[in-house]
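Chemist: Build the 3D model from these lines:
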Amino acid sequence: MNYMNLNRHPAQFSFQLDRTREFVEVFHAHQGMELLYVHEGYGTVIVEQQIIELRPGILFFFKPFQLHRIRVHDLPNKTYIRSLFVFEPAVLDASLASFPSLRAFFTKLWKGALTEQCFTKLSQEAMLQLFQVHRPILANASQEERLEEQLLFLTALLHQLKATAGPLTDLPGAPSKPSYTAERIMEWIESHYMEPFELKRLAHAIHLSPNHVSAVFKMTVGSSITEYLTARRIRQACWLLKTTDAPVQEIGQLVGLSNFSYFCQMFKKHVGLTPHQFKRSPQA
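Modeler: Just a heads-up that it's a prediction; the model follows:
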(Lines give C-alpha, C1' and ligand atoms only; values in the text may rest on other atoms or scores of the structure.)
Protein backbone atom coordinates (compact mmCIF):
# COMPACT_ATOMS: atom_id res chain seq x y z
CA MET A 1 0.00 0.00 0.00
CA ASN A 2 1.48 3.36 -1.02
CA TYR A 3 0.10 6.39 0.81
CA MET A 4 1.87 9.61 -0.18
CA ASN A 5 1.91 12.38 2.41
CA LEU A 6 -0.53 14.89 0.93
CA ASN A 7 -1.14 16.71 4.19
CA ARG A 8 2.05 18.77 3.91
CA HIS A 9 2.25 18.71 0.11
CA PRO A 10 -1.23 18.41 -1.49
CA ALA A 11 0.18 17.59 -4.96
CA GLN A 12 3.10 15.39 -6.00
CA PHE A 13 4.09 15.07 -9.68
CA SER A 14 6.60 13.10 -11.72
CA PHE A 15 6.91 13.77 -15.47
CA GLN A 16 7.98 11.11 -17.98
CA LEU A 17 9.67 8.92 -15.40
CA ASP A 18 11.36 5.78 -16.73
CA ARG A 19 10.19 2.92 -14.48
CA THR A 20 11.54 0.09 -16.65
CA ARG A 21 14.03 -1.22 -14.08
CA GLU A 22 12.39 0.04 -10.91
CA PHE A 23 8.81 -1.06 -11.52
CA VAL A 24 7.22 -3.20 -8.79
CA GLU A 25 3.88 -4.88 -9.48
CA VAL A 26 1.70 -4.67 -6.35
CA PHE A 27 -1.84 -3.80 -5.42
CA HIS A 28 -1.70 -0.31 -3.98
CA ALA A 29 -3.71 2.83 -3.28
CA HIS A 30 -3.00 6.47 -2.54
CA GLN A 31 -4.40 8.90 -0.03
CA GLY A 32 -5.19 11.26 -2.89
CA MET A 33 -6.43 11.07 -6.46
CA GLU A 34 -4.03 9.73 -9.07
CA LEU A 35 -3.69 10.53 -12.78
CA LEU A 36 -1.33 8.23 -14.68
CA TYR A 37 -0.37 8.89 -18.31
CA VAL A 38 1.47 6.19 -20.27
CA HIS A 39 4.25 7.32 -22.64
CA GLU A 40 5.76 3.89 -23.36
CA GLY A 41 4.82 0.37 -22.31
CA TYR A 42 2.12 -2.26 -22.70
CA GLY A 43 0.25 -4.24 -20.08
CA THR A 44 -2.96 -4.17 -18.06
CA VAL A 45 -4.49 -2.20 -15.21
CA ILE A 46 -6.77 -3.84 -12.65
CA VAL A 47 -9.20 -1.48 -10.89
CA GLU A 48 -12.78 -1.76 -9.61
CA GLN A 49 -13.01 -5.41 -10.67
CA GLN A 50 -12.10 -4.39 -14.25
CA ILE A 51 -9.08 -5.32 -16.36
CA ILE A 52 -8.11 -2.56 -18.81
CA GLU A 53 -5.44 -2.51 -21.51
CA LEU A 54 -2.40 -0.34 -20.79
CA ARG A 55 -0.67 1.19 -23.82
CA PRO A 56 0.94 4.49 -24.89
CA GLY A 57 -1.40 7.48 -25.00
CA ILE A 58 -3.83 6.30 -22.31
CA LEU A 59 -4.49 8.29 -19.14
CA PHE A 60 -5.85 6.41 -16.13
CA PHE A 61 -7.47 8.01 -13.10
CA PHE A 62 -7.79 6.42 -9.67
CA LYS A 63 -9.85 7.71 -6.77
CA PRO A 64 -8.51 8.22 -3.22
CA PHE A 65 -7.87 4.92 -1.41
CA GLN A 66 -8.94 3.01 -4.54
CA LEU A 67 -7.11 -0.29 -4.83
CA HIS A 68 -5.45 -0.87 -8.21
CA ARG A 69 -2.64 -2.87 -9.78
CA ILE A 70 -0.52 -2.11 -12.84
CA ARG A 71 1.02 -4.91 -14.89
CA VAL A 72 3.62 -4.10 -17.53
CA HIS A 73 4.60 -6.77 -20.04
CA ASP A 74 8.11 -7.85 -21.06
CA LEU A 75 10.17 -5.84 -18.59
CA PRO A 76 13.03 -4.98 -18.72
CA ASN A 77 13.29 -5.86 -22.41
CA LYS A 78 10.79 -3.11 -23.28
CA THR A 79 10.52 0.28 -21.63
CA TYR A 80 7.82 1.61 -19.34
CA ILE A 81 7.69 5.41 -19.07
CA ARG A 82 4.85 7.22 -17.37
CA SER A 83 3.85 10.56 -15.88
CA LEU A 84 2.14 10.46 -12.49
CA PHE A 85 0.15 13.16 -10.72
CA VAL A 86 -1.14 12.46 -7.21
CA PHE A 87 -3.06 15.20 -5.40
CA GLU A 88 -5.64 15.96 -2.75
CA PRO A 89 -8.91 16.31 -4.74
CA ALA A 90 -10.57 18.68 -2.27
CA VAL A 91 -7.79 21.24 -2.86
CA LEU A 92 -8.24 21.11 -6.63
CA ASP A 93 -12.03 21.16 -6.28
CA ALA A 94 -11.87 24.42 -4.32
CA SER A 95 -9.64 26.03 -6.95
CA LEU A 96 -12.17 25.18 -9.70
CA ALA A 97 -14.96 27.23 -8.11
CA SER A 98 -14.81 29.80 -10.94
CA PHE A 99 -15.17 27.11 -13.62
CA PRO A 100 -18.50 25.34 -12.93
CA SER A 101 -18.56 23.04 -15.98
CA LEU A 102 -14.93 21.98 -15.48
CA ARG A 103 -15.61 21.47 -11.79
CA ALA A 104 -18.59 19.25 -12.60
CA PHE A 105 -16.38 17.23 -14.97
CA PHE A 106 -13.77 16.80 -12.25
CA THR A 107 -16.40 15.83 -9.66
CA LYS A 108 -17.53 13.05 -11.97
CA LEU A 109 -13.98 11.72 -12.18
CA TRP A 110 -13.55 12.03 -8.44
CA LYS A 111 -16.87 10.69 -7.19
CA GLY A 112 -18.77 9.26 -10.15
CA ALA A 113 -19.32 5.63 -11.14
CA LEU A 114 -17.91 5.40 -14.65
CA THR A 115 -17.71 2.54 -17.12
CA GLU A 116 -13.91 2.61 -17.25
CA GLN A 117 -11.38 4.73 -15.46
CA CYS A 118 -9.29 5.80 -18.41
CA PHE A 119 -9.17 8.12 -21.41
CA THR A 120 -8.24 6.41 -24.66
CA LYS A 121 -8.85 9.12 -27.29
CA LEU A 122 -6.25 11.68 -26.29
CA SER A 123 -3.80 13.25 -28.73
CA GLN A 124 -0.31 12.16 -27.68
CA GLU A 125 1.13 15.25 -29.37
CA ALA A 126 -1.20 17.55 -27.42
CA MET A 127 -0.41 15.80 -24.13
CA LEU A 128 3.34 16.08 -24.68
CA GLN A 129 2.98 19.73 -25.59
CA LEU A 130 1.04 20.37 -22.37
CA PHE A 131 3.73 18.64 -20.32
CA GLN A 132 6.53 20.52 -22.10
CA VAL A 133 4.90 23.88 -21.34
CA HIS A 134 4.25 23.26 -17.65
CA ARG A 135 7.16 21.05 -16.63
CA PRO A 136 9.85 23.81 -16.60
CA ILE A 137 7.45 26.22 -14.91
CA LEU A 138 6.83 23.73 -12.12
CA ALA A 139 10.53 22.91 -11.83
CA ASN A 140 11.44 26.58 -11.38
CA ALA A 141 8.53 27.57 -9.11
CA SER A 142 9.38 28.85 -5.65
CA GLN A 143 8.05 27.11 -2.55
CA GLU A 144 5.36 29.79 -2.26
CA GLU A 145 4.31 29.41 -5.93
CA ARG A 146 4.57 25.64 -6.14
CA LEU A 147 1.00 24.66 -5.22
CA GLU A 148 -0.50 27.43 -7.35
CA GLU A 149 1.44 26.27 -10.41
CA GLN A 150 0.50 22.65 -9.75
CA LEU A 151 -3.20 23.56 -9.59
CA LEU A 152 -2.89 25.58 -12.80
CA PHE A 153 -1.34 22.56 -14.51
CA LEU A 154 -4.09 20.22 -13.25
CA THR A 155 -6.72 22.72 -14.41
CA ALA A 156 -5.16 22.83 -17.89
CA LEU A 157 -4.95 19.03 -17.97
CA LEU A 158 -8.61 18.66 -16.97
CA HIS A 159 -9.59 21.21 -19.61
CA GLN A 160 -7.80 19.17 -22.25
CA LEU A 161 -9.39 15.94 -21.07
CA LYS A 162 -12.84 17.49 -21.10
CA ALA A 163 -12.34 18.99 -24.56
CA THR A 164 -10.96 15.92 -26.31
CA ALA A 165 -12.09 12.79 -24.49
CA GLY A 166 -15.81 12.86 -25.23
CA PRO A 167 -18.57 11.78 -22.83
CA LEU A 168 -17.26 9.88 -19.83
CA THR A 169 -20.05 7.32 -19.98
CA ASP A 170 -18.99 6.25 -23.48
CA LEU A 171 -15.58 4.87 -22.51
CA PRO A 172 -15.13 1.54 -24.32
CA GLY A 173 -14.34 -1.83 -22.83
CA ALA A 174 -14.96 -5.43 -23.89
CA PRO A 175 -13.09 -7.90 -21.67
CA SER A 176 -11.96 -11.27 -22.95
CA LYS A 177 -13.25 -14.50 -21.45
CA PRO A 178 -10.39 -14.96 -18.93
CA SER A 179 -10.71 -11.31 -17.92
CA TYR A 180 -14.45 -11.75 -17.47
CA THR A 181 -13.87 -14.67 -15.09
CA ALA A 182 -11.32 -12.69 -13.08
CA GLU A 183 -13.69 -9.73 -12.88
CA ARG A 184 -16.46 -11.99 -11.58
CA ILE A 185 -14.05 -13.20 -8.88
CA MET A 186 -13.19 -9.62 -7.90
CA GLU A 187 -16.87 -8.69 -7.83
CA TRP A 188 -17.56 -11.61 -5.48
CA ILE A 189 -14.67 -10.56 -3.23
CA GLU A 190 -16.00 -6.99 -3.17
CA SER A 191 -19.24 -8.31 -1.68
CA HIS A 192 -17.67 -10.82 0.70
CA TYR A 193 -14.20 -9.58 1.76
CA MET A 194 -15.55 -8.79 5.25
CA GLU A 195 -16.40 -12.46 5.80
CA PRO A 196 -14.17 -15.52 6.43
CA PHE A 197 -12.86 -16.63 3.03
CA GLU A 198 -13.49 -20.08 1.55
CA LEU A 199 -12.27 -20.84 -1.97
CA LYS A 200 -14.92 -23.53 -2.41
CA ARG A 201 -17.65 -21.01 -1.63
CA LEU A 202 -16.28 -18.55 -4.19
CA ALA A 203 -15.91 -21.26 -6.84
CA HIS A 204 -19.45 -22.48 -6.22
CA ALA A 205 -20.82 -18.93 -6.58
CA ILE A 206 -19.36 -18.51 -10.07
CA HIS A 207 -19.93 -22.14 -11.12
CA LEU A 208 -16.29 -23.16 -11.59
CA SER A 209 -13.91 -25.56 -9.87
CA PRO A 210 -11.60 -24.17 -7.14
CA ASN A 211 -8.47 -25.09 -9.11
CA HIS A 212 -9.76 -23.39 -12.25
CA VAL A 213 -10.74 -20.26 -10.33
CA SER A 214 -7.27 -19.97 -8.78
CA ALA A 215 -5.44 -20.63 -12.05
CA VAL A 216 -7.46 -18.15 -14.12
CA PHE A 217 -7.15 -15.41 -11.52
CA LYS A 218 -3.38 -15.89 -11.20
CA MET A 219 -2.91 -15.90 -14.97
CA THR A 220 -5.07 -12.81 -15.57
CA VAL A 221 -4.39 -10.60 -12.57
CA GLY A 222 -0.85 -11.70 -11.72
CA SER A 223 -1.46 -12.45 -8.06
CA SER A 224 -3.21 -15.11 -6.04
CA ILE A 225 -6.78 -14.63 -4.85
CA THR A 226 -5.49 -14.53 -1.27
CA GLU A 227 -3.05 -11.71 -2.10
CA TYR A 228 -5.80 -9.69 -3.74
CA LEU A 229 -8.20 -10.33 -0.86
CA THR A 230 -5.61 -9.26 1.71
CA ALA A 231 -4.82 -6.07 -0.21
CA ARG A 232 -8.54 -5.28 -0.45
CA ARG A 233 -9.02 -5.79 3.28
CA ILE A 234 -6.01 -3.65 4.19
CA ARG A 235 -7.16 -0.88 1.85
CA GLN A 236 -10.58 -0.85 3.56
CA ALA A 237 -8.95 -0.89 6.99
CA CYS A 238 -6.86 2.18 6.04
CA TRP A 239 -9.97 4.02 4.94
CA LEU A 240 -11.85 3.13 8.13
CA LEU A 241 -8.90 4.12 10.32
CA LYS A 242 -8.75 7.56 8.70
CA THR A 243 -12.48 8.27 8.38
CA THR A 244 -14.15 6.69 11.44
CA ASP A 245 -13.71 6.55 15.22
CA ALA A 246 -14.20 2.77 15.33
CA PRO A 247 -11.73 0.94 17.62
CA VAL A 248 -8.86 -0.75 15.84
CA GLN A 249 -9.97 -4.23 16.90
CA GLU A 250 -13.46 -3.59 15.53
CA ILE A 251 -11.99 -2.42 12.22
CA GLY A 252 -10.16 -5.72 11.92
CA GLN A 253 -13.46 -7.53 12.33
CA LEU A 254 -15.18 -5.25 9.81
CA VAL A 255 -12.68 -6.23 7.10
CA GLY A 256 -12.82 -9.96 7.76
CA LEU A 257 -9.72 -10.23 10.00
CA SER A 258 -11.24 -11.10 13.38
CA ASN A 259 -7.93 -12.36 14.83
CA PHE A 260 -6.60 -9.06 16.18
CA SER A 261 -2.90 -10.02 16.34
CA TYR A 262 -3.03 -11.37 12.76
CA PHE A 263 -4.78 -8.21 11.59
CA CYS A 264 -2.04 -6.05 13.16
CA GLN A 265 0.66 -8.27 11.67
CA MET A 266 -0.78 -8.13 8.14
CA PHE A 267 -1.46 -4.40 8.37
CA LYS A 268 2.12 -3.61 9.36
CA LYS A 269 3.48 -5.90 6.65
CA HIS A 270 1.53 -4.04 3.93
CA VAL A 271 1.53 -0.46 5.24
CA GLY A 272 4.75 -0.29 7.27
CA LEU A 273 2.93 0.95 10.38
CA THR A 274 0.73 -0.71 12.97
CA PRO A 275 -2.99 0.18 12.76
CA HIS A 276 -2.63 2.39 15.87
CA GLN A 277 0.39 4.20 14.39
CA PHE A 278 -1.39 4.69 11.06
CA LYS A 279 -4.49 6.11 12.74
CA ARG A 280 -2.45 8.62 14.78
CA SER A 281 0.02 9.60 12.08
CA PRO A 282 -0.74 12.90 10.28
CA GLN A 283 1.67 11.84 7.52
CA ALA A 284 -0.12 8.62 6.62
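Chemist: so where's the stretch 51-200 of the chain shaky on pLDDT?
Modeler: Scanning the stretch 51-200 of the chain for pLDDT under 70 picks out 166-179.
Chemist: What ranges does it have for its helices?
Modeler: 89-95, 100-111, 124-140, 143-164, 177-192, 199-205 (DSSP state H, counting those that start in this stretch).
Chemist: what about the second one, distance to the chain center?
Modeler: Mean-position distance between helix 100-111 and its chain equals 18 Å (Cα atoms, centre = their mean, to the nearest Å).
Chemist: and if you look at stretch 13-21?
Modeler: Chain-centre distance of stretch 13-21: 17 Å, with Cα atoms, centre = their mean.
Chemist: quick one: average pLDDT of it?
Modeler: Average pLDDT, stretch 13-21: 95.
Chemist: In it, which residues are buried?
Modeler: Across stretch 13-21, burial judged by 16 or more other Cβ atoms under 10 Å covers 13, 15, 19, 20. C-betas here are computed from N, CA, C, even on glycine.
Chemist: From those residues, pick the one nearest residue 110.
Modeler: For these, the closest approach to residue 110 (Cβ to Cβ) belongs to residue 13, at 17.8 Å.
Chemist: Could you check how far that closest one is from residue 195?
Modeler: 40 Å (Cβ to Cβ, to the nearest Å).
Chemist: now residue 251
Modeler: To residue 195, residue 251 is 15 Å away according to Cβ to Cβ.
Chemist: The two: who's more crowded?
Modeler: Each of residue 251 and residue 195 has its neighbours counted (other Cβ atoms under 10 Å); residue 251 has more, 22 against 9.
Chemist: so the residue nearest to that one when sequence neighbours are not counted is in which element?
Modeler: The shortest distance from residue 251 to any non-neighbouring residue, by Cβ to Cβ, 6 or more residues apart in numbering, is to residue 240 (4.8 Å). Counting by DSSP states H and E, the element that carries residue 240 is helix 225-243.
Chemist: Could you give the average pLDDT over that helix?
Modeler: pLDDT averaged over helix 225-243 gives 89.
Chemist: Return the angle between stretch directions for that helix and helix 177-192.
Modeler: Here helix 225-243 runs at an angle of 40 degrees relative to helix 177-192 (axes from the mean of the first three to the mean of the last three Cα atoms, to 10 degrees).
Chemist: how far out from the middle of the chain is helix 225-243?
Modeler: Centroid displacement of helix 225-243 relative to its chain, using Cα atoms, centre = their mean, is 13 Å.
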